[in-house]
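Trainee: The following block contains a protein sequence and its predicted model.
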Amino acid sequence: MPHRATRVDDNPNRDVLDDIEFGLLKAAVLKAAIELEIPTRIAEGHRTVPALSRVLGTNERGTRMLLDALCFIGLLTKQHSEYRLAPTADAFLVKGKPSYYGDGALGELTWDARGQLSRVLRTGKPIIPAATTEAFEPTWSGIAASSLVDWQAQLESANSLWDKVGVTLEGTKSLRLLDFACGSGIVSYALAKRYPGVRVTALDRPMVLTYAKQIADAAGVNSQVSFVSGDVLNPELKPESFDLVLLRNLTNYLSPEQNIGSFRHAYEALVPSGMIVINAPIADEDRRGPSEVPIQAVEMLLFSLEGDTYTFGEYRGMLETAGFYEVTGYKDDWGLITARRIEQPPSKPEK
């Protein structure tokens, strides 16, 4: 989801730098809490500084400071001498819960990698395992798992996406949707909840599908979803077996050549006039926006060898190379594009 863009002041303002540094300090507090498993220990009943210090093997002075800082950033509450979990920490940071996101958050907070951005720029090689490899699967799984708690809240934006691109079931009783690298699957499930005739094929790695299945069950659409484990770069798909293909937050991790390959897989899997929907950070033509997209471009340096936040023009070129036409962009702070599979032209009679 996009965040609020940083305001540019007309005059020099030291607060801009201070805010960035303060954000890093809050991230350090969160990272330490996850590594020490503080939310898990509090959930077990260790709620005071002495009790936590004993179970964690830490000194009481530093433990108290860290716990109070966690209260400040909204992850703990404090009453007298006892600390308790705020709803966010209880939902996402307690080990053993299906929605546990601690490992995924640690991946996001890997300063050893992020702090070497200048090195990445010099070498052109990512420090963190590429997002399309098995080594990155636990991070994708953590992101999917976190949706177990707030999937209902995400349905609103998912329904808005389908409204923007105008997908309905008018004139037909069914629609076959392929969710390419499905993740949590929320966007596809939103359409399935709206129309009982929608049948979803959710494609992703096995660890991610574990959570996608749980969310489908919670959303009440499990009977409408088939789960397929596979490599998103080399999927085995039956030709002309889908009316709609969805790619969310995948294309920005891939090179132009890989995207063209993925689009071609989608093209061949679609029926004639079938539609592909791309929902990913898409840069303005001058690459200064919209929203947080320029920051996402830097993020790609850490997670991808050749990925980028492409412009609409670049997507149109890749899609047309793969055979699509009617490439359409929609006003969206994140990025939304559709295109259709071109009808096969009639063959010319031999002379």
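Mentor: Right, received. Where do you want to start?
Trainee: Pick out the residue closest to the middle of this structure.
Mentor: Ranked by distance to the mean C-alpha position of the chain (C-alpha atoms, centre = their mean), the top residue is Asn249 at 5.8 Å.
Trainee: for it, what are its contacts?
Mentor: Contact analysis of Asn249 by C-beta atoms under 8 Å, 6 or more residues apart in numbering lists Ala181, Gly183, Asn279, Ala280, Pro281. No exception for glycine: its C-beta is placed from N, CA and C like everyone else's.
Trainee: So Lys173 lies in a helix, does it not?
Mentor: No: checked against DSSP: H, G, I helix; E, B strand; the rest coil, Lys173 lies outside a helix; its state is coil.
Trainee: isn't it right up against Gly197?
Mentor: Yes: here Lys173 reaches Gly197: they are 5.1 Å apart, a contact under C-beta atoms under 8 Å.
Trainee: Can you list which of the contacts of Asn249 are found in strands?
Mentor: Judged by DSSP state E, the subset of the contacts of Asn249 located in strands is Asn279.
Trainee: Throw the contacts of Asn249 into CSV and include neighbour count, thanks.
Mentor: As requested, the contacts of Asn249 are exported to CSV (neighbours: other C-beta atoms under 10 Å):
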residue, neighbour count
Ala181, 24
Gly183, 23
Asn279, 23
Ala280, 21
Pro281, 25
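Trainee: all strands of the chain, in order?
Mentor: 76-79, 82-85, 175-180, 198-204, 225-229, 242-248, 270-279, 324-329, 336-341.
Trainee: mind giving me JSON lines with those and columns for mean pLDDT and distance to Phe92?
Mentor: Listed next are these as JSON lines, based on pLDDT from 0 to 100; distance: least, C-beta to C-beta, whole Å:
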{"stretch": "strand 76-79", "mean pLDDT": "96", "distance to Phe92": "13"}
{"stretch": "strand 82-85", "mean pLDDT": "97", "distance to Phe92": "10"}
{"stretch": "strand 175-180", "mean pLDDT": "96", "distance to Phe92": "23"}
{"stretch": "strand 198-204", "mean pLDDT": "96", "distance to Phe92": "21"}
{"stretch": "strand 225-229", "mean pLDDT": "95", "distance to Phe92": "24"}
{"stretch": "strand 242-248", "mean pLDDT": "96", "distance to Phe92": "21"}
{"stretch": "strand 270-279", "mean pLDDT": "96", "distance to Phe92": "23"}
{"stretch": "strand 324-329", "mean pLDDT": "95", "distance to Phe92": "34"}
{"stretch": "strand 336-341", "mean pLDDT": "96", "distance to Phe92": "27"}
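Trainee: how about those in TSV, adding distance to Lys125?
Mentor: As requested, those are exported to TSV (distance: least, C-beta to C-beta, whole Å):
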stretch	distance to Lys125
strand 76-79	39
strand 82-85	39
strand 175-180	26
strand 198-204	26
strand 225-229	29
strand 242-248	25
strand 270-279	27
strand 324-329	32
strand 336-341	29
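Trainee: Show the pLDDT at Thr172.
Mentor: Looking at Thr172, its pLDDT is 67.
Trainee: can you check Ser141 too?
Mentor: 66.
Trainee: again, but for Gly96
Mentor: For Gly96, the pLDDT comes out at 91.
Trainee: Contacts only, for the closest residue to it other than its chain neighbours.
Mentor: Distances taken as C-beta to C-beta, 6 or more residues apart in numbering place Thr40 nearest to Gly96, at 7.5 Å, with adjacent residues excluded. Taking C-beta under 8 Å, 6+ apart, we find Thr40 in contact with Leu93, Val94, Lys95, Gly96.
Trainee: Tell me how far Thr40 lies from Val94.
Mentor: Separation of Thr40 from Val94 (C-beta to C-beta, to the nearest Å): 5 Å.
Trainee: Is it possible to get JSON lines of the contacts of Asn249 that adds distance to Arg119?
Mentor: Compiled in JSON lines, the contacts of Asn249 are given as follows (distance: C-beta to C-beta, whole Å):
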{"residue": "Ala181", "distance to Arg119": "28"}
{"residue": "Gly183", "distance to Arg119": "29"}
{"residue": "Asn279", "distance to Arg119": "32"}
{"residue": "Ala280", "distance to Arg119": "26"}
{"residue": "Pro281", "distance to Arg119": "24"}
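Trainee: Looking at the contacts of Asn249, which is nearest Leu36?
Mentor: Among the contacts of Asn249, Gly183 lies closest to Leu36 (C-beta to C-beta), at 28.7 Å.
Trainee: my read: the closest one touches Leu246, true?
Mentor: No: with contacts counted by C-beta under 8 Å, Gly183 stays clear of Leu246, the gap being 10.5 Å.
Trainee: Okay, now the unreliable bits of the chain?
Mentor: Residues of the chain that meet the criterion pLDDT under 70 lie in 1-9, 107, 110-113, 127-146, 171-172, 344-351.
Trainee: So what are the structural domains in it, by residue number?
Mentor: Recorded structural domains for the chain (assignment: automatic domain parsing) are 14-93, 134-341.
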